[in-house]
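[1] Quick one: sequence plus predicted model below, questions after.
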Amino acid sequence: MPPEAATATTTVVNVPEISRDDFKRGQKAHAFKIIDVLPAESYANGHIPGALSMPVPEIAALAPRLLPDLNEAIVAYCGKFT
Amino acid sequence: MSLLRELGYTNVRDYRGGLADWVESGGALEALDAAQSDGLTPVNGPALTVAGDGVLGRAQARIAHRHGWNDSVLGLVDSMSTAQLFLVWLLMILLSGFAYWFAALIGEHGLVEGGAPVGINFKGFADAIYFSFVTATSVGYGDVVPVGIARAIAVAEAITALLIFGAVIAKFVSHRQDELVGEIHRITFDERLDRVQSNLHVVISELLDLTSICEGTPLPPNRLGARLDSTVLLFQGEARTTHDLLYQPRLMVEEGVLASILANFSSALEVLSELLTCMPAEFRRSQSFQIALTNTVRLADDICSNCVPHQYTPRLRFWMDRIQATARRIK
């Protein structure tokens, strides 16, 4: 395995998962900010209620403005199985 | 997802199932309808007014019967609980029972059982109460019958008992309906809150997109005007909602939700203020834009920690003050 691939895997693993049930409960209780990282068209067609749109290429530009608090609880999702 | 981590966010989680899993598990989706994104919808949105006690139906009934003699009767029935009404019903039956019994004292005006008048003793009293119940519940066995004045009392009792009992039943049913209406209001309110957040987010993205003109990328003036108009209209609607939320909080909003709304509001206002400083010289503000902008700024100017009628936590106060400070910079 080349070393780059190894680092990439480690970074992804760093982000913990949230189960469907926990997610549903938190979504209802507004326990965290929900981020839709799908393209803007997909967001316009349908997104989880309360989610903010932050397409992957624009995350770096949008995040500081939309999520001013670095310690804020955030859950990100995309289409399926990231 | 890891990108967010790299940007310094400490508390990021990944909903792996994503949109597909959400839909599969029966979660509803929210879409931006076309009319809204081009800014043609009435920007006020559904008003954030929720009857706290969920007595909408009753309030409407009261308006319909504002005048008329039955207003006081309805008001009385309204003010009593189901149990109280039921007690009134029982009391009325007992009083009528006494009335039949006393009517027998005046001679041929009491109750007759099996051809013989009911006596003025304890058995007679028990018979009177029994007859009263049979009449009030409109059963009418006919084993005890009234004569003379007792007949008039029986007719009055039957009518009154029926009306009171009807009120008891109606109250019982409407209580459940009131609860249901209250629940529906709460759900609508939650959805509206979600919508405020989505809409503010759309406003921010759109305004951020337009700030490219500040970096020297020219946009055709008419296109710039159209996008700016629709965005500010949408912003005005959400500004009003946020304002209402702070000034008429009939339903408590969780602090986290309110903080996020205020933070987004503040960001949007800051971007707007920045954008307005670098509009091209040949740009003319349309009338609708000017009205919407004035309204938005006026609403935002009302939001500060010391002018809202409630005491909020420092985090919320911070955002409120920031919103007002930004609003005062906008011309």
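    Thanks, I have the structure now.

[2] Could you check the pLDDT of residue 74?
    Because you didn't say which chain, this covers chain A. pLDDT, residue A:74: 89.

[3] wait, chain B
    As predicted, residue B:74 sits at a pLDDT of 75.

[4] Can you point out the buried residues in the one helix or strand it maps to?
    Assigned by DSSP states H and E, residue B:74 belongs to helix B:70-79. Neighbour-count burial for helix B:70-79 flags B:74, B:77 (criterion: 16 or more other C-beta atoms under 10 Å in any protein chain shown). To be clear about C-beta, it is placed using only N, CA and C from the backbone, and glycine gets the same treatment.

[5] Against which helices or strands is it packed?
    helix B:56-64 (3 or more C-beta pairs under 8 Å, 6 or more residues apart in numbering or on different chains; DSSP states H and E).

[6] returning to what we had before: now the helix or strand following the helix holding residue B:74: buried residues?
    Where DSSP H and E defines the elements, the next helix or strand beyond helix B:70-79 is helix B:82-103. Residues of helix B:82-103 classed as buried by neighbour count (16+ other C-beta under 10 Å): B:85-86, B:88-89, B:92-93, B:96-97, B:99-103.

[7] Equivalent analysis for stretch B:293-306, please.
    Buried residues in stretch B:293-306, counted by 16+ other C-beta under 10 Å: B:293, B:295, B:296, B:297, B:299, B:300, B:301, B:302, B:303, B:304, B:305.

[8] and stretch B:101-113, C-alpha only, in CSV?
    Taking Å, rounded to 0.1, in the frame of the first residue of the first chain, the C-alpha atoms of stretch B:101-113 are listed here in CSV:
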residue,chain,number,x,y,z
TRP,B,101,-91.2,15.6,47.1
PHE,B,102,-92.3,19.0,48.3
ALA,B,103,-94.9,19.2,45.5
ALA,B,104,-96.6,16.2,47.2
LEU,B,105,-97.1,18.5,50.2
ILE,B,106,-99.5,20.7,48.3
GLY,B,107,-101.8,17.7,47.8
GLU,B,108,-102.5,16.3,44.3
HIS,B,109,-99.3,17.7,42.8
GLY,B,110,-96.6,15.1,43.5
LEU,B,111,-95.8,11.6,42.2
VAL,B,112,-98.0,8.6,41.8
GLU,B,113,-96.7,5.1,42.0
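
[9] Figure out how far it is from the centre of its chain.
    Distance of stretch B:101-113 from its chain centroid, counting by C-alpha atoms, centre = their mean, to the nearest Å, is 56 Å.

[10] Same question for stretch B:104-120.
    With C-alpha atoms, centre = their mean as the basis, stretch B:104-120 stands 58 Å off its chain's centre.

[11] How about stretch B:159-166?
    Put simply, stretch B:159-166 sits 32 Å off its chain's centre (C-alpha atoms, centre = their mean).

[12] who's in contact with it?
    Here stretch B:159-166 makes contact (C-beta atoms under 8 Å, 6 or more residues apart in numbering or on different chains) with B:85, B:88, B:89, B:92, B:93, B:135, B:136, B:137, B:138.

[13] what mean pLDDT does it have?
    The average pLDDT within stretch B:159-166 is 92.

[14] residues of that stretch that come out buried?
    Buried, per 16+ other C-beta under 10 Å, within stretch B:159-166: B:160, B:161, B:164, B:165.

[15] Lovely, talk soon.
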